[in-house]
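[1] fold the following and give me the result.
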Amino acid sequence: MRVHEEAFLACLVLDSSITFKSTLSEECFSVPEVRRVYRAIMSLIDKRVKPDLIAIHDEDPSIDPIYLAEIGSHEASPSNWNYYEQQIIKDFQVESLKRLGRTIQSMAEDNRDPVEIIEDAEKALLLLATRNRKQKICRAGELIPGFLSKTEERFKARGVLPGLATGIDNLDTATNGFQDSRFIVIGARPSDGKSALGLNIAAHIAIRLNVPAGVISLESGNDEMMSRLFSAEGSIDGQKLQNGLIRPSDFQSLMDVGSRIHEAPLYFYDAPNIYLAELKSVARQMVAVYKVRIIFIDYLQIIQYEDSRIPRHEQVGKVSIALKGLARELKIPIVALAQLKRDSEGRAPDVSDLKDAGQIEQDADTILLIHHKQKDGEEECSWILAKKNRDGPKNAVPVVFKREYVRFYGAENRE
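    Residues are numbered from 1 along each chain as shown. I've put the predicted structure just below:
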């Protein structure tokens with residue numbers, strides 16, 4: 001550990017330009033004397049002074065000149081600086097993990113809430129995993145070849161969405177698909193199909209596109225989710241499926257649907273009364289372990305926030321902020337289903353009809369609201385209203401909602 005740190009300092013003395021390429025910071029060094037020397041070197045570089053041994057001692061007279069001479073005698077080549085840096089990073093990570101273990105033990109002994117401990121540990125681990133990664137500063141000219149190459153690819157594949165297709169063509173046109181790092185909210189009144197639409201899109205992405213998709217359900221159990229999935233995918237009356245009144249011929253459809261679902265990368269997490277910290281942990285696990293590329297959450301306003309003392313609308317607001325941050329952290333679309341107020345019935349819903357709407361409206365990149373209207377007293381016309389849309393126009397997308405199949409279909413030329 002010490003020999004690598006001192007060898008790295010020797011490299012800095014010989015070639016101070018290494019500091020512009022290195023990802024190390026002072027806390028990465030475990031030896032106090034090394035930290036002092038490193039601090040003096042960085043101070044000299046800030047002053048545009050060459051950090052030779054004399055200048056280092058002048059910058060910090062408390063540094064032992066004999067120790068400086070030992071550093072100067074290291075047979076370290078500046079060309080090997082990256083090797084020494086990687087060894088220092090590994091040592092730093094090992095020591096950090098040990099400290100984290102002690103911290104977790106201490107928090108557990110202090111009777112802290114286990115959910116809070118896990119959340120803090122996850123954050124610390126993620127920070128540790130990413131802290132020594134430095135992004136390259138690019139000159140604009142360097143980016144031209146890559147940009148032109150991508151533009152050519154898009155030209156050759158005209159019509160291909162930048163985001164994940166939902167299975168409803170007009171909705172894809174409006175949103176350009178569900179894109180990475182976006183926080184998307186789908187709202188509806190109770191029993192108007194928000195869970196159905198979310199599951200329809202998740203199934204399309206996993207079954208037809210073969211893209212891993214995750215569903216975290218707070219409202220419906222796994223049995224109910226599977227019943228809706230089989231009903232929608234097999235065009236089987238969901239009510240009859242539930243009460244056992246299906247026809248013998250439907251069993252072949254169930255077998256065919258089961259085969260498709262079995263092969264699909266679709267993952268469910270049944271989580272009644274889930275707290276925000278647990279939800280974020282599950283989402284991270286879905287991405288890390290199952291390579292999930294989109295996550296649906298059913299539904300936003302019943303996610304439990306750890307501090308129940310604050311008003312409920314503030315809790316929902318904090319959940320909304322966290323979900324937006326989670327989408328950016330995981331670099332995938334997060335689709336949160338949300339409930340509209342019941343008093344919005346009888347008219348087209350608006351963003352203000354979302355329960356505890358204020359923060360949700362601010363955080364969401366896209367807000368889609370489901371609207372049903374009786375036509376001629378009999379036929380039901382349905383639309384998905386894009387009320388906020390950073391990736392396209394705000395318009396009304398006509399759809400057909402087959403309630404018996406719990407399934408939304410695209411509809412063309414609807415008035």
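
[2] quick check, pLDDT for residue 154.
    In the prediction, the pLDDT value recorded for residue 154 is 59.

[3] what helix or strand is residue 66 on?
    Following DSSP states H and E, one finds residue 66 within helix 65-72.

[4] and that helix, what does it pack against?
    Under the contact criterion of 3 or more Cβ pairs under 8 Å, 6 or more residues apart in numbering; DSSP states H and E, helix 65-72 touches helix 2-14, helix 32-46, helix 53-59. Backbone N, C-alpha and C define where each C-beta goes, glycine included.

[5] the nearest residue in space to residue 192 that is not next to it in sequence pairs with what?
    Once its chain neighbours are removed from consideration, residue 192 has its nearest residue in residue 370; the separation is 5.3 Å (Cβ to Cβ, 6 or more residues apart in numbering). On the basis of DSSP bridges, residue 370 is bridged to residue 384.

[6] mind checking the SS state of residue 373?
    Using DSSP: H, G, I helix; E, B strand; the rest coil, the three-state assignment for residue 373 comes out as strand.

[7] now it. Nearest residue, chain neighbours left out?
    The spatially closest residue to residue 373, leaving aside those adjacent along the chain, is residue 381, at 5.1 Å (Cβ to Cβ, 6+ apart).

[8] ramachandran angles for that neighbour?
    In this entry, residue 381 is assigned phi and psi values of phi -100, psi 140 (degrees, to the nearest 10).

[9] reformat the helices and strands packed on helix 65-72 as CSV; add mean neighbour count and mean pLDDT.
    Compiled in CSV, those are given as follows (neighbours: other Cβ atoms under 10 Å; pLDDT from 0 to 100):
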stretch, mean neighbour count, mean pLDDT
helix 2-14, 21, 87
helix 32-46, 18, 85
helix 53-59, 17, 88
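
[10] wait, which of the ones you listed is closest to residue 394?
    Taking Cβ to Cβ as the criterion, helix 32-46 is the member of the helices and strands packed on helix 65-72 that comes nearest to residue 394, at 50.1 Å.

[11] who are the packing partners of the closest one?
    Helix 32-46 packs on helix 2-14, helix 53-59, helix 65-72, going by 3+ Cβ pairs under 8 Å, 6+ apart.

[12] if we go to 6 Å?
    Helix 32-46 is packed against helix 2-14, helix 53-59, with contacts defined by 3 or more Cβ pairs under 6 Å, 6 or more residues apart in numbering; DSSP states H and E.

[13] might you list the low-confidence residue ranges for the stretch 251-400 of the chain?
    Within the stretch 251-400 of the chain, the ranges that satisfy pLDDT under 70 run 344-346, 356-357, 375-379.

[14] and the strands in it?
    Counting by DSSP state E, counting those that start in this stretch, the stretch 251-400 of the chain has these strands, from start to end: 266-270, 294-298, 334-339, 366-375, 379-389, 396-402.

[15] how far off centre is the first one?
    Looking back up the chat, that one is strand 266-270. Mean-position distance between strand 266-270 and its chain equals 16 Å (Cα atoms, centre = their mean, to the nearest Å).

[16] now residue 115: closest residue in space that isn't a chain neighbour?
    Looking at residue 115 with Cβ to Cβ, 6+ apart, the closest residue is residue 277, at 4.8 Å.

[17] residue 34 now?
    For residue 34, the nearest residue in space outside its immediate sequence neighbours is residue 5; the separation is 4.5 Å by Cβ to Cβ, 6+ apart.

[18] quick one: residue 170 and residue 397 touch, right?
    Yes: contact status for residue 170 versus residue 397: in contact at 4.5 Å, counting by Cβ atoms under 6 Å.

[19] how close does residue 39 get to residue 367?
    According to Cβ to Cβ, to the nearest Å, residue 39 and residue 367 sit 50 Å apart.

[20] all helices for the stretch 101-250 of the chain, in order.
    Applying DSSP state H, counting those that start in this stretch to the stretch 101-250 of the chain gives helices spanning 114-130, 140-156, 169-175, 194-203, 222-234, 238-243, 250-263.

[21] most packed of those helices?
    Taking mean count of other Cβ atoms under 10 Å as the contact definition, the stretch among the helices of the stretch 101-250 of the chain with the greatest mean neighbour count is helix 194-203, which reaches a mean of 24.

[22] who's in contact with it?
    166, 186, 188, 213, 215, 228, 232, 296, 298, 337, 406, 408 (Cβ atoms under 6 Å, 6 or more residues apart in numbering).
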